[in-house]
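Trainee: this is a predicted model, with the sequence first.
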Amino acid sequence: MPKPELREINDVGPLGTMIISPDEVNDRVYSMGHTLLRKFRDEGVNPLFVTLLNGGAPFAQKLMSAMTSLDPGFHPDNQYMTVSHYADKQKAGDGPGLVLGLPPKLIESGNVEGRLAIILDDMRDRGGTAAFVDDYLRKLGAVEVELVTLLLKDVPGDEQLYKDPLLYGFDVDDFWVTGMGANDARVAPEAGRWVGGIIVAHSSEDLATFRA
């Protein structure tokens, strides 16, 4: 997958330096939508998408829009759940925890049982969140669970807790990145989350210069 060089596309002030533009994100997500549609048609499956809030929401919105624009007859079953996240840290801490699971009516109806479940998230770094959600979905009856993300962070193999995504948009080095779901709470609680590109966040020292 394309791996951007650390080059300046756009200085975005206290958020950092944009390395993947919104246009590049849109083009890649559209291509990912095409690839997934072809897979579902070839295999004759109706997957259950599970978007992880809050980070997965911007990516999932673009991906759902891409697939339904390519095929207006495709009606994705997209559900949401919330797992504890990083707060103001760059990396995962003590492990994920369930904040809000899938809707009880969905579970009680057996709508997860026997299905392919696809986790949608902004990125996979060490994979602890994906592993946690995979286990949760399998306990509800999913027969197969895959991960689709916009970003795949380059982390050492011995630190990885989950398999590689079924599909992802871009490789990135193990920087602190924001945009397209990832935020930088040092700047503001939701800073960067809804930016359409990918940004390498400032170091704490560089960020301090914007507060001086």
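Mentor: Yep, it's here.
Trainee: just the endpoints, please. Distance across stretch 134-145?
Mentor: From its first residue to its last, stretch 134-145 covers 6 Å (C-alpha to C-alpha, to the nearest Å).
Trainee: just how off-centre is that stretch within its chain?
Mentor: The chain centre lies 18 Å from the centre of stretch 134-145; the measure is C-alpha atoms, centre = their mean, to the nearest Å.
Trainee: how about it: buried residues?
Mentor: Buried positions in stretch 134-145, judged by neighbour count with 16 or more other C-beta atoms under 10 Å: Asp134, Tyr136, Leu137, Leu140, Ala142, Val145. Where C-beta positions appear, they are placed from N, C-alpha and C, glycine not excepted.
Trainee: tell me which of those residues fall in helices.
Mentor: Counting by DSSP state H, the part of the buried residues of stretch 134-145 found in helices is Asp134, Tyr136, Leu137.
Trainee: can you verify my assumption that the second one contacts Val99?
Mentor: No - distance between Tyr136 and Val99: 11.9 Å, which falls outside the contact criterion (C-beta atoms under 8 Å).
Trainee: for the lengthiest helix in the chain, the averaged confidence score.
Mentor: Taking DSSP H as the criterion, the chain has its longest helix at helix 22-43. Computed over helix 22-43, the mean pLDDT rounds to 96.
Trainee: check which helices and strands the helix or strand following it is in contact with.
Mentor: Next helix or strand after helix 22-43 toward the C-terminus (DSSP states H and E): strand 48-53. The contact analysis (3 or more C-beta pairs under 8 Å, 6 or more residues apart in numbering; DSSP states H and E) places strand 48-53 against helix 57-70, strand 77-83, strand 116-124, helix 128-139.
Trainee: pick the most buried one from these.
Mentor: strand 116-124 (a mean of 24; mean count of other C-beta atoms under 10 Å).
Trainee: how about that strand as PDB, C-alpha atoms only?
Mentor: The C-alpha trace of strand 116-124 is given here as PDB (Å, rounded to 0.1, in the frame of the first residue of the first chain):
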ATOM      1  CA  LEU A 116     -18.800 -12.000   8.600                       C
ATOM      2  CA  ALA A 117     -18.200  -9.000  10.900                       C
ATOM      3  CA  ILE A 118     -15.900  -6.300   9.600                       C
ATOM      4  CA  ILE A 119     -14.500  -3.900  12.200                       C
ATOM      5  CA  LEU A 120     -14.000  -0.400  10.900                       C
ATOM      6  CA  ASP A 121     -11.500   1.900  12.600                       C
ATOM      7  CA  ASP A 122      -9.200   4.700  11.800                       C
ATOM      8  CA  MET A 123      -5.900   2.800  12.300                       C
ATOM      9  CA  ARG A 124      -4.300  -0.300  13.500                       C
END
